[in-house]
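> Have a look at this fold, sequence not included:
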């Protein structure tokens, strides 16, 4: 199994909380990681709540948990049985009185909103970790090149497939399964053909500002319906909306979020791009690289750090603003070129937001000064810097 950096954080939280929740899209490696962590315990149980056999074991959940007291219990797809949250609260509270305060349950979920709505009953008893796809820093211990991760994305089965053909087949099947089986279970029944068209449109406009009216016109759907579909894809951890930076700068700022498909491999699959050469010759190349960099950066940000993009109606723009405080604000531009340059709009935007650090992330490995305090830097080095803020 490839070492995931989240494992260290999960192990720490398991010493502090009776339950730890691991959130991420299907097939991202949640169950594999949880079972690997369970090897550190004397005894553990894994229940897949989509399995009728495992679900039947919880016909009397309080009795089941009591009979297996002292074991680490992993509950996969727990949002399928929302009534379990209230039961878990009672079990955890009773065990606290007996002196048991840590490492009892690991809860796995594939839908953030559906899961978190129910988890309010576990407030103070559970800590959550978001498990993203494999990132470039996790590749360092392997022989897998960075461009393979960019092409295939961070889902383990796609990344580690025997060939680009096999990887693309996996991703296409993943997309079909989500549209035909999973989405109807999580939200209102949506025609899979319509949702696939929307997802493909988002791939073509990857990293662009959201225009619900235009999407609705293209799909022959109302604005509220398109908005609901996009929110569902976001709740299923498949797309990410990045909000614009707002502040009192005396300028007209754009208000619509930018929307990215979170996994670069899914972007390429939706556009039927099988090889790296096909990606490099496609108009999506710049946006795909930008989304790949942003997703990797977000995966390493410490708690309490926020991120935005900045754009004025006059054209001043920063691809990503990472902010911990007014005195620790990173302006990050993302370029695919090995000889990157930045526009006047980037410098103006940096002045507008009073950026304290200015970087251009590019595919090369050397860090060098571009001009006016702006450094070109590799993605890995950028992630190292942001991990420490």
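All right, it came through fine. Predicted, not measured: the structure shown is a model, and the values here were computed from it.

> Okay, buried residues for the helix or strand hosting residue 63 please.
Assigned by DSSP states H and E, residue 63 belongs to helix 61-67. Buried residues in helix 61-67, counting neighbours by 16 or more other CB atoms under 10 Å, are found at 61, 64-65. In this view, the C-beta of every residue, glycine as well, is placed from N, C-alpha and C.

> likewise stretch 12-31?
13-14, 17-31.

> can you check stretch 271-283 too?
Applying 16+ other CB under 10 Å to stretch 271-283 flags 271, 273-274, 276, 279 as buried.

> wait, which of those is closest to residue 78?
For those, the closest approach to residue 78 (CB to CB) belongs to residue 271, at 33.9 Å.

> what phi and what psi does the backbone show at that closest one?
Dihedral pair for residue 271: phi -100, psi 10, per degrees, to the nearest 10.

> number of nearby residues for the nearest residue to it once chain neighbours are set aside?
Distances taken as CB to CB, 6 or more residues apart in numbering place residue 203 nearest to residue 271, at 5.4 Å, with adjacent residues excluded. Residue 203: 22 surrounding residues under other CB atoms under 10 Å.

> what does the helix or strand hosting residue 203 contact?
Element membership for residue 203, per DSSP H and E: helix 192-204. By CB atoms under 8 Å, 6 or more residues apart in numbering, the residues outside helix 192-204 that reach it are 175-176, 179-180, 183, 215, 218-219, 221, 226, 229-230, 233, 238-239, 259, 261, 266-267, 270-271, 284.

> try it again with 6 Å
Identification of contacts with helix 192-204 by CB atoms under 6 Å, 6 or more residues apart in numbering yields 179-180, 229, 259, 261, 267, 270-271.

> Name the next helix or strand following it along the chain.
helix 212-219.

> biggest separation within the buried residues of stretch 271-283, which pair?
Using CB to CB, the buried residues of stretch 271-283 reach their maximum pairwise distance at 271 and 276, which is 13.5 Å.

> For residue 362, which residues are in contact?
With CB under 6 Å, 6+ apart, residue 362 has these contacts: 335, 340, 376.

> Kindly state the beta-bridge partners for the last one.
On the basis of DSSP bridges, residue 376 is bridged to residue 360, residue 368.

> residues in contact with it?
Residue 376 is in contact with 340, 360, 362, 368, 370, counting by CB under 6 Å, 6+ apart.

> now the residues you listed as a markdown table including distance to residue 141 and pLDDT?
Below are the contacts of residue 376 laid out as a markdown table (distance: CB to CB, whole Å; pLDDT from 0 to 100):
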| residue | distance to residue 141 | pLDDT |
| --- | --- | --- |
| 340 | 28 | 96 |
| 360 | 27 | 98 |
| 362 | 24 | 98 |
| 368 | 27 | 96 |
| 370 | 31 | 93 |
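
> With distance to residue 47 added, can I get those residues in TSV?
Formatted as TSV, the contacts of residue 376 follow (distance: CB to CB, whole Å):
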residue	distance to residue 47
340	50
360	47
362	46
368	53
370	53
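
> which among those residues end up buried?
In the contacts of residue 376, the ones that pass as buried (16+ other CB under 10 Å) are 340, 360, 362, 370.

> Just the ones of the buried residues of stretch 12-31 in strands?
19-23 (DSSP state E).

> Dump those residues to a markdown table, plus distance to residue 105 and pLDDT.
A markdown table is the format used below for those (distance: CB to CB, whole Å; pLDDT from 0 to 100):
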| residue | distance to residue 105 | pLDDT |
| --- | --- | --- |
| 19 | 4 | 94 |
| 20 | 8 | 95 |
| 21 | 9 | 93 |
| 22 | 11 | 94 |
| 23 | 14 | 92 |
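
> pLDDT below threshold where in the protein?
113-119, 186-188, 248-252 (pLDDT under 70).

> Break it down into its domains, please.
Using automatic domain parsing, the domains assigned to the chain come out as 6-130, 138-387.

> what's the first-to-last distance across the shortest one?
Length of domain 6-130, first residue to last, CA to CA, to the nearest Å: 8 Å.

> any idea how far the residue lying farthest from the centre of the chain is from residue 32?
Of all residues in the chain, residue 98 has its C-alpha farthest from the mean position, at 37.2 Å, by CA atoms, centre = their mean. To residue 32, residue 98 is 32 Å away according to CB to CB, to the nearest Å.

> Likewise for residue 145?
Residue 145 is 23 Å from residue 32, by CB to CB.

> Which one's more surrounded, those two?
Taking neighbours as other CB under 10 Å, residue 145 and residue 32 compare with residue 32 leading, 14 against 11.

> so who does residue 379 touch?
136, 293, 296, 361.

> Out of these, which sit inside helices?
Residues of those located in helices (DSSP state H): 293, 296.

> Compare the contacts of residue 379 and tell me which is most surrounded.
Result: residue 361 is most packed of the contacts of residue 379 (other CB under 10 Å), 28 neighbours.

> wouldn't it be in contact with residue 382 here?
Yes - using CB atoms under 6 Å, residue 361 makes contact with residue 382 at a distance of 5.1 Å.

> How about the strand or helix carrying residue 128, which residues are buried there?
Assigned by DSSP H and E, residue 128 belongs to strand 126-130. Neighbour-count burial for strand 126-130 flags 126-129 (criterion: 16+ other CB under 10 Å).

> Check which helices and strands that strand sits against.
Applying 3 or more CB pairs under 6 Å, 6 or more residues apart in numbering; DSSP states H and E, one finds that strand 126-130 contacts helix 6-14, strand 19-23.

> Figure out which of these is closest to residue 315.
strand 19-23 (36.9 Å).

> how much does the closest one deviate in direction from strand 126-130?
20 degrees (axes from the mean of the first three to the mean of the last three CA atoms, to 10 degrees).

> For the residue nearest to residue 346 when sequence neighbours are not counted, which residues count as its bridge partners?
Leaving aside its chain neighbours, residue 346 sits nearest to residue 333 (5.4 Å; criterion: CB to CB, 6+ apart). Beta bridges link residue 333 to residue 360, judged by DSSP bridges.
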